[in-house]
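Visitor: Need a 3D model of the following:
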Amino acid sequence: MGFWETNDAIGSILAGVAGVTAVVVSGVAASRARRRARAEAEEPQRQAARLVTADIVSEPNVHWDNDHLPRPANIPPREYDQVIVQVDNHGGEPISSVMVFLPERALPLHFGTIRPGQSKRNGWLDAPELWHVMHIGCGCPGHPWHLDLELVFTDNHRARWRRNGEQEPIRLLPSDDVVEDWKRRQKVIEEERRLANERFAAEEDAIGPGSLSTLDD
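Guide: Numbers count the residues shown, from 1 in each chain. Reported below is the predicted structural model:
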């Protein structure tokens, strides 16, 4: 192959590479533009989703018996065995299919539809007696009753959202099975807790009963 033929071949190759590069760059730019347009179109809905919150409700003047009936506050309370949750819709449109997930509970609490500016409550009436101690604190007067709860709901435009505490709302796909996803994550947490307890027990056996707590002191 002669000198000019070689130059022509190299030029063709470079031109082809430049063409492919231009197509790739154009595709990336178009993809970014589409994502930006979707984000901008979604922002009003996301802003509304930020106005939906779920919190544990503290009712220090009401205690409960085994029949879940209120009894006078002057009767000494036993361990809390009820978890009362309140969902607040501070937005200007109704939300529906509202559900809240609680640690150690496989199924969510359901709240149905909540109108603009309104609130709804539901509760886990047979929660483990030490649930509050494990996940919130002692519940003593002045102790903050705060726990980041996982909230799922559908807005007035049929978009589904998931929000954990004060974190940014995440838009869900119609095919997302939030209940099964929650169960899987809870199993992972339970397994991690089981392994941690086994490690602690093994360390205590190696050192001697009560030695770890003595070292902590």
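Visitor: Show me where this protein has its helices.
Guide: Per DSSP state H, the chain carries helices over the ranges 3-49, 131-135, 178-207, 211-216.
Visitor: Which one of the ones you listed has the poorest average confidence?
Guide: Mean pLDDT is lowest for helix 211-216 among these, at a mean of 52.
Visitor: what is the mean pLDDT for stretch 95-111?
Guide: Throughout stretch 95-111, pLDDT has a mean value of 95.
Visitor: tell me which residues in it are buried?
Guide: Neighbour-count burial for stretch 95-111 flags 95, 98-102, 105, 108-109, 111 (criterion: 16 or more other CB atoms under 10 Å). Placement of C-beta: from N, CA and C, glycine included.
Visitor: Now the two most distant members of those residues.
Guide: Pairwise distances across these peak at 21.4 Å for 95 and 105 (criterion: CB to CB).
Visitor: hmm, back to that, now, among the buried residues of stretch 95-111, which is nearest to residue 182?
Guide: For these, the nearest to residue 182 is residue 101 (5.1 Å; CB to CB).
Visitor: Look up how far residue 156 lies from the closest one.
Guide: Distance, residue 101 to residue 156, by CB to CB, to the nearest Å: 22 Å.
Visitor: Mind putting the buried residues of stretch 95-111 into TSV with distance to residue 85?
Guide: Listed next are the buried residues of stretch 95-111 as TSV, based on distance: CB to CB, whole Å:
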residue	distance to residue 85
95	15
98	10
99	10
100	5
101	10
102	7
105	11
108	10
109	6
111	8
